[in-house]
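Participant: Below are the sequence and a predicted model for it; my questions follow.
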Amino acid sequence: MTTATLPENIQRNLDTLIADGFLLLPGALDMPTVQAWRDCLRKHHDAKAWDIRNNVGNVAFDRLLEREPALAKPLVGHASVAPYLRALLGRQCQLRSLRAHVNPAAYTQEWHMDFYNYWQQESEGRFAVRGLCINTTFYLTDNTPESGRLTFLKDYRNRPIPAEFKDNQYYTEDRNNPFQKWCEAQPQTHLHPMSGDAVIFFSHVPHQGAKLRDDAPGTMRANIVLHYQTNPMYPGISFVSQPHAAIAGLGFEGTFPFAGK
Ligand SMILES: O=C(O)CCC(=O)C(=O)O
Ligand SMILES: [Fe+2]
């Protein structure tokens, strides 16, 4: 499908996504699916089966395509995000990774981009393809203005981060890091995704998730992030995640949801 043939509402959304760099899609998942995911992540959390547990409050699971294929595979190229992924990345769209997060305790994420190298690819080779990454993040709990948020810097889809912060853009819990301080001072847009909503965004736009108060008893803020890339990226590129678990879960061909369609 080309962009020209998109239904009017999808085209309008796509224009917003390209202009802002991010788009909230309400009601992407139905409630039985949301509940099944909450139960699944609770089980893996209680079993301490996480792959990452960091100091800003994120606990992450990277191997769910292998461990929970019945729940995880339907999120790959999910109907709620497929028209946008296809319109932006076409058949080259490849799933890099599926990472679920829970935030059982206090949580203010570091400012980050999931794919850091977007503006710094000149050195990859004169004719190297410019890599691009799109995230689709499915929320399993409510982020009301009182309880949580996903915040983006405004107008950074097509604007580079100032070069002076080049060496400060890495995972850090240090809130005095110059890039962290610079992000704090920029104009921001707060999204409040609710249970079942998805956010699709260009992952080189700096963003930060946060929990604003304790979870209701028996619940944990949670989401599932799928990272899509336009082309295989060489091992060692600055990327928040690795592609091996997705390839192990789906096979190499299976990581291209729109190839052959
Ligand atoms: O905790 C959050 O809401 C942020 C998740 C995130 O960093 C992402 O979706 O890439
Ligand atoms: Fe992120």
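Facilitator: Sure, I can see it. Numbering: from 1, shown residues only. Ligands and ions are numbered 1, 2, ... in the order given.
Participant: and Ile10, that one's in a helix?
Facilitator: Yes - residue state for Ile10 (DSSP: H, G, I helix; E, B strand; the rest coil) corresponds to a helix.
Participant: Next, count neighbours for the closest residue to it other than its chain neighbours.
Facilitator: Distances taken as Cβ to Cβ, 6 or more residues apart in numbering place Pro83 nearest to Ile10, at 4.9 Å, with adjacent residues excluded. No exception for glycine: its C-beta is placed from N, CA and C like everyone else's. By other Cβ atoms under 10 Å, 18 other residues sit near Pro83.
Participant: what is the mean pLDDT for whichever strand or helix holds Pro83?
Facilitator: Assigned by DSSP states H and E, Pro83 falls within helix 82-89. Regarding helix 82-89, the rounded mean pLDDT is 97.
Participant: so Gln242, which of the three states?
Facilitator: With three-state DSSP as the basis, Gln242 sits in coil.
Participant: Compute the distance between it and ligand 1, please.
Facilitator: 15 Å (Cβ to the nearest ligand atom, to the nearest Å).
Participant: Please look at the residue nearest to Ile10 and Gln11 and confirm they touch.
Facilitator: No - if you go by Cβ atoms under 8 Å, Pro83 and Gln11 don't touch, sitting 9.3 Å apart.
Participant: returning to that earlier point: how far off centre is the helix holding Pro83?
Facilitator: Relative to the centre of its chain, helix 82-89 is centred 15 Å away, using Cα atoms, centre = their mean, to the nearest Å.
Participant: How about stretch 232-252?
Facilitator: That offset, for stretch 232-252, works out to 15 Å (Cα atoms, centre = their mean).
Participant: List phi and psi for the closest residue to ligand 1 within the chain.
Facilitator: Using Cβ to the nearest ligand atom, the closest approach of the chain to ligand 1 is made by Gly209 at 2.1 Å. The main-chain torsion angles of Gly209 are listed as degrees, to the nearest 10 and equal phi -90, psi 150.
Participant: ditto for Thr137
Facilitator: The phi/psi pair for Thr137 (degrees, to the nearest 10) reads phi -110, psi 120.
Participant: Tell me where the stretch 51-200 of the chain has helices.
Facilitator: In the stretch 51-200 of the chain, the helices defined using DSSP state H, counting those that start in this stretch lie at 64-67, 69-72, 82-89, 178-185.
Participant: Establish whether the last one and ligand 1 are in contact.
Facilitator: No - counting by Cβ under 6 Å from any ligand atom, ligand 1 has no neighbours in helix 178-185; the shortest distance is 13.0 Å.
Participant: Put the alpha carbons of that helix into PDB.
Facilitator: C-alpha atoms of helix 178-185 as PDB (Å, rounded to 0.1, in the frame of the first residue of the first chain):
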ATOM      1  CA  PRO A 178      25.000  17.500  30.600                       C
ATOM      2  CA  PHE A 179      22.700  15.700  28.100                       C
ATOM      3  CA  GLN A 180      20.200  14.900  30.900                       C
ATOM      4  CA  LYS A 181      20.200  18.500  32.100                       C
ATOM      5  CA  TRP A 182      19.800  19.800  28.600                       C
ATOM      6  CA  CYS A 183      16.800  17.600  27.900                       C
ATOM      7  CA  GLU A 184      15.200  18.700  31.200                       C
ATOM      8  CA  ALA A 185      15.400  22.300  30.000                       C
END
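Participant: how far does it sit from the chain's center?
Facilitator: Using Cα atoms, centre = their mean, the offset of helix 178-185 from its chain centre is 20 Å.
Participant: With that, I have no additional questions.
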